[in-house]
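Trainee: fold the following for me, if possible:
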Amino acid sequence: MLLSWFATAIALLIGDRLLGGVFVGGIWAALLAGFLIGLVNTTIKPVLFILTLPVTILTLGLFALVLDAMMLGLVSWVVPHFHINSLLSGIGLAIIIAIVHAIAVSAVGKRRKV
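Mentor: Coordinates of the predicted model:
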């Protein structure tokens, strides 16, 4: 859980550097936003995913990126010093978060014994 939180915070800071439409005001804003993204993804996102499942199936899963961007927009609305200017910036940030999470889990995650 801490790995996910720190990976999200690092991904937000990377997104701030790479994307013009994303602004993160510093490490504390990134940590707070990372915590709230985890909270939103465990509480609100599953309900919305079920409600939008037909659209997600019709778009072959691409609408899941839009849903991720919407969750990031919700968090940016609540957290000071964290702003996302457009839906496209939110989708780009969602992709960056997914890539950073994949790298963090593969580098530090638990190894399974077969």
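
Trainee: and the longest helix seen in the chain, what does it pack onto?
Mentor: If you go by DSSP state H, the chain has its longest helix at helix 87-108. For helix 87-108, the packing partners by 3 or more Cβ pairs under 8 Å, 6 or more residues apart in numbering; DSSP states H and E come out as helix 2-18, strand 22-24, helix 63-78. In this view, the C-beta of every residue, glycine as well, is placed from N, C-alpha and C.

Trainee: in contact with residue 68: list those residues for me.
Mentor: Each residue near residue 68 by Cβ atoms under 8 Å, 6 or more residues apart in numbering is listed here: 45, 90, 91, 94, 97, 98.

Trainee: buried deepest among the helices and strands packed on helix 87-108, which one?
Mentor: Highest mean neighbour count of those: strand 22-24, a mean of 21 (counted as mean count of other Cβ atoms under 10 Å).

Trainee: my read is that residue 67 contacts residue 52, right?
Mentor: Yes - judged on Cβ atoms under 8 Å, residue 67 makes contact with residue 52 at a distance of 6.2 Å.

Trainee: any regions of this structure where pLDDT drops low?
Mentor: 109-114 (pLDDT under 70).

Trainee: need the contact list for the closest residue to residue 56 other than its chain neighbours.
Mentor: In space, and not counting its chain neighbours, residue 56 is closest to residue 63: 4.4 Å by Cβ to Cβ, 6 or more residues apart in numbering. Contacts for residue 63 were tallied using Cβ under 8 Å, 6+ apart; they are 52, 55, 56.
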